[in-house]
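1. Based on what follows, work out the 3D shape:
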Amino acid sequence: MYPESPFPDRRIFCIDSVSFYASCECRYRNLPPLTTKLAVVSDLKRSGSVVLAASPALKKLGIKTASRLYQIEQLPIRERKQILLVEPQMLAYMKTSIEVLDVLHQFAPPDAIRIYSIDENFIDMTGTERLFGTDDETAKAIQSAIWEQTGIPVRIGIGPNNVVAKLVLDLLGKREGIARCGYADVSRLLHDFPIRKMWGVGQKMEQHLLALGIETIGDLAASRVEDLHERFGVLGAELWHHAWGIDSSPTTIDPTALFQTEPAVQRTIGHGVTLMRDYYQYEQIRLVLAELAGDVAARVRFSNQVGWTVHLGVRYSRHVLRSGFSKQLRLPYPTADERLLLRHLLQLFEPNWMEGEPIRFLSVALGQLTADQGTLQLSLFEDNRKVWRRKRLLKAMDRVNLRYGKGTIRLAVSFLDTSVAKRRLRFVGGHPGGDLHDTLP
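-> So this is what the prediction gives:
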């Protein structure tokens, strides 16, 4: 039974673009997005590349998001001939996402819309019944407007709060196009679905819940909230409430919260990169570490901080027995200078890496951050005037890269074939950004 407490009862619409990246590519080519067999693949040159998006027609052949390119290559030849494979162009998708958002602004003001992801938005339609009609009429009007103005098909889940709207979208709306669920309908409509379908339940959490005999959302709702809280903490209690459709989180966020004058101070800033192939040679690995050190140091300087500890993470190729290593050390004085950072990274790397071991992942972090007071730690072993001039030079480089774009000024070695920087600079969200003018091959 429901706990005795007031529940928010609003008209929340969760709007999800159908196979968004694939629909965008179909739109750019004037192809029907629901019937065209198209896959957006991270890298067409590698058979192990991930399918970032598959059109609905392609999903019927068993190819889904997170499938691999080789799975498409294993399909019968008559099927493969009908499949269009394209690489992502994230900048174009971002522009199309903004176009969809512009359509939503025709139905509600900006402060009633919450952007959840590039292809999903929440919109509070409470009080608009006289403008757009019933839930079903409003949802159909939104679908039609987005389709006519952007060429992107969308599906909509409707509920009294964010959780119910999202759950009914994921569990029913993606099949029916439009789905609605109220508090009284939660157990009837949602409780029979397997626990892995629950919003917020990942693979690890699913395994833990299955071990407790919780196989469906209904099983989760029937569990004692005290037991879940004891086992999983606040997350366990939250999942129990969500299983009953209870959620008091705001659909929209106060815009002033995005412009806090005193943002929360980060204690660690780091970055890692998975290499496109195994790196065996010291100079190649040193180059990647130098680029990561430069990236981390620039971000630390941008936050107006310096760090006391440097951390190095190394993972080897899966073809060797040793998995890798993780090391850290405390610096003699806090810094945000990548040259000093690299020097200590190599002190951590060289004694622990056996020459020829294949490396596939590297990460660098600067921790125990503290505010940069603008002072210089004097040294008996270095020319302090040179150190001060270098600090001013780095600040000047940061200002140029901030104004004209990341990578405007960078090390000449980043143009070498083994560099990861030149490849990453063309990426948006970890994938190729595409042509700034959305041109197609």
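2. Low-confidence bits of the stretch 151-300 of the chain, can you list those?
-> For the stretch 151-300 of the chain, the stretches with pLDDT under 70 are 252-266.
3. At which residues are the helices of it located?
-> Under the criterion DSSP state H, counting those that start in this stretch, the stretch 151-300 of the chain carries helices at the ranges 162-168, 174-176, 186-190, 203-211, 217-222, 225-232, 234-243, 282-302.
4. Next, the buried residues of the last one.
-> Buried residues in helix 282-302, defined by neighbour count with 16 or more other C-beta atoms under 10 Å: 284-301. No exception for glycine: its C-beta is placed from N, CA and C like everyone else's.
5. Run the angle between the helix or strand that Leu348 is a member of and helix 282-302 for me.
-> Using DSSP states H and E, Leu348 sits in helix 338-349. Orientation note: helix 338-349 sits at an angle of 130 degrees relative to helix 282-302 (axes from the mean of the first three to the mean of the last three C-alpha atoms, to 10 degrees).
6. Contacts only, for the residue nearest to Gln328 when sequence neighbours are not counted.
-> If the residues on either side of it in the chain are set aside, Gln328 comes closest to His311, at 4.1 Å by C-beta to C-beta, 6 or more residues apart in numbering. Residues in contact with His311 (C-beta atoms under 8 Å, 6 or more residues apart in numbering) are 268, 270, 326-328, 363-367.
7. let's go with 10 Å and repeat that
-> For His311, the contacting residues are 268, 270, 296, 326-329, 345, 348, 363-367, by C-beta atoms under 10 Å, 6 or more residues apart in numbering.
8. likewise Met125?
-> Contacts here follow C-beta under 10 Å, 6+ apart; on that basis Met125 touches 10-13, 107-108, 112, 131-132, 135, 138-139, 142, 158.
9. Same question for Lys60.
-> 37, 54.
10. got it, and Phe107?
-> Counting by C-beta under 10 Å, 6+ apart, Phe107 makes contact with 13, 15, 113, 123, 125, 128, 131-132, 138, 141-142, 145.
11. which of these has the most neighbours?
-> Top of the contacts of Phe107 by neighbour number is Ile15, holding 28 neighbours under the definition other C-beta atoms under 10 Å.
12. So for that one, what's the pLDDT?
-> Listed pLDDT for Ile15 reads 97.
13. all strands of the stretch 251-400 of the chain, in order?
-> Listed in chain order, the strands found in the stretch 251-400 of the chain under DSSP state E, counting those that start in this stretch are 268-279, 305-316, 324-335, 359-371.
14. if we can go back for a sec, possible to save the helices of the stretch 151-300 of the chain as CSV with distance to Ala53?
-> Putting the helices of the stretch 151-300 of the chain into CSV (distance: least, C-beta to C-beta, whole Å) gives the following:
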stretch, distance to Ala53
helix 162-168, 20
helix 174-176, 14
helix 186-190, 26
helix 203-211, 21
helix 217-222, 27
helix 225-232, 32
helix 234-243, 27
helix 282-302, 28
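15. how about these, which one is nearest Tyr21?
-> Between Tyr21 and the helices of the stretch 151-300 of the chain, the shortest separation by C-beta to C-beta is 16.0 Å, and it involves helix 174-176.
16. related to what we said a few turns ago, which of the contacts of Phe107 sit farthest apart?
-> Using C-beta to C-beta, the contacts of Phe107 reach their maximum pairwise distance at Ile15 and Leu131, which is 17.0 Å.
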